[in-house]
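[1] Need coordinates for the below:
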Amino acid sequence: MNETLSYPRTVKAGDRQITLRLVERGDADALVAFAGELPAHDLLFLQRDIRNPKVVAAWIDQIERGQMRSLLALENAKIVGCTALVRDEWSWSPHVAEIRMVISDKLRGTGFGRILAQEVVAAATAEPGVQKLFVRMTPDQGAALKLFEDMGFLPEALMRDHVRDATGEMHDIAIMALNLERQAARKQVFGLG
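    Below you'll find the predicted structure:
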């Protein structure tokens, strides 16, 4: 993610110990296996299907070229979550980064989603030039919507029938965003760090 955040390190989620570290080339097969264990609906907001080895290989290529920052979460050496901070410095929106995050359904309700989201937001705030973050999810992911809302993200768009699952059913995508400069100013005004 960012050099100011040190990895690997261990965090606690309830009574569980989770190791956070940067994604490496050798993680490809384990990432595909992790994605294969997730409910397909949990992957709909991603731009590509990370159950496909070619997609994961391209993801790792982007990491190695510095186009994306990704973090793995491991419990007992098994992947239980991952993030990606995606930014295109050559686009019309070089100041905007997208957060992509998935966690094992076994860790839901432990507070781990919040820990991982805070980790990727902290990495984004340390990334030079990033002024705005956005995240996509399906509107029925109530816990994820609440999590990002609690972190200051606001709804920006609802894209109807935007993705199609493997059965052909259409799903909406909600987009939430956070202006990092406004958030920092609010924190300073209210003495929140």
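
[2] what stretches of this protein score poorly on pLDDT?
    Where the chain drops to pLDDT under 70, the residues are 1-4, 191-193.

[3] got the residue ranges for the strands in it?
    9-13, 16-22, 68-75, 78-86, 96-103, 132-137, 154-164, 170-179 (DSSP state E).

[4] could the ones you listed go into CSV alongside distance to Thr125?
    Glycine gets a C-beta too; all of them are placed from N, C-alpha and C. CSV is the format used below for the strands of the chain (distance: least, C-beta to C-beta, whole Å):
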stretch, distance to Thr125
strand 9-13, 18
strand 16-22, 17
strand 68-75, 13
strand 78-86, 11
strand 96-103, 10
strand 132-137, 9
strand 154-164, 17
strand 170-179, 10
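
[5] between the ones you listed, which gets nearest to Gly111?
    Nearest of these to Gly111, taken as C-beta to C-beta: strand 9-13 at 5.4 Å.

[6] So for Arg186, which of the strands of the chain sits nearest?
    strand 170-179 (9.9 Å).

[7] Sheet partners, orientation included, of the closest one?
    strand 132-137 (antiparallel), strand 154-164 (antiparallel) (DSSP bridges).

[8] Which helix in the protein has the most residues?
    helix 112-125 (DSSP state H).

[9] Distance from the chain centre to it, please.
    Centroid separation for helix 112-125 versus its chain: 8 Å, with C-alpha atoms, centre = their mean, to the nearest Å.

[10] list the contacts for the nearest residue to Glu89 once chain neighbours are set aside?
    Spatial nearest neighbour of Glu89, excluding adjacent residues (C-beta to C-beta, 6 or more residues apart in numbering): Gly129 at 7.5 Å. Gly129 makes contact with Glu89, Pro94, His95 under the criterion C-beta atoms under 8 Å, 6 or more residues apart in numbering.

[11] if I look at Gly129, how far off is Val96?
    10 Å (C-beta to C-beta, to the nearest Å).
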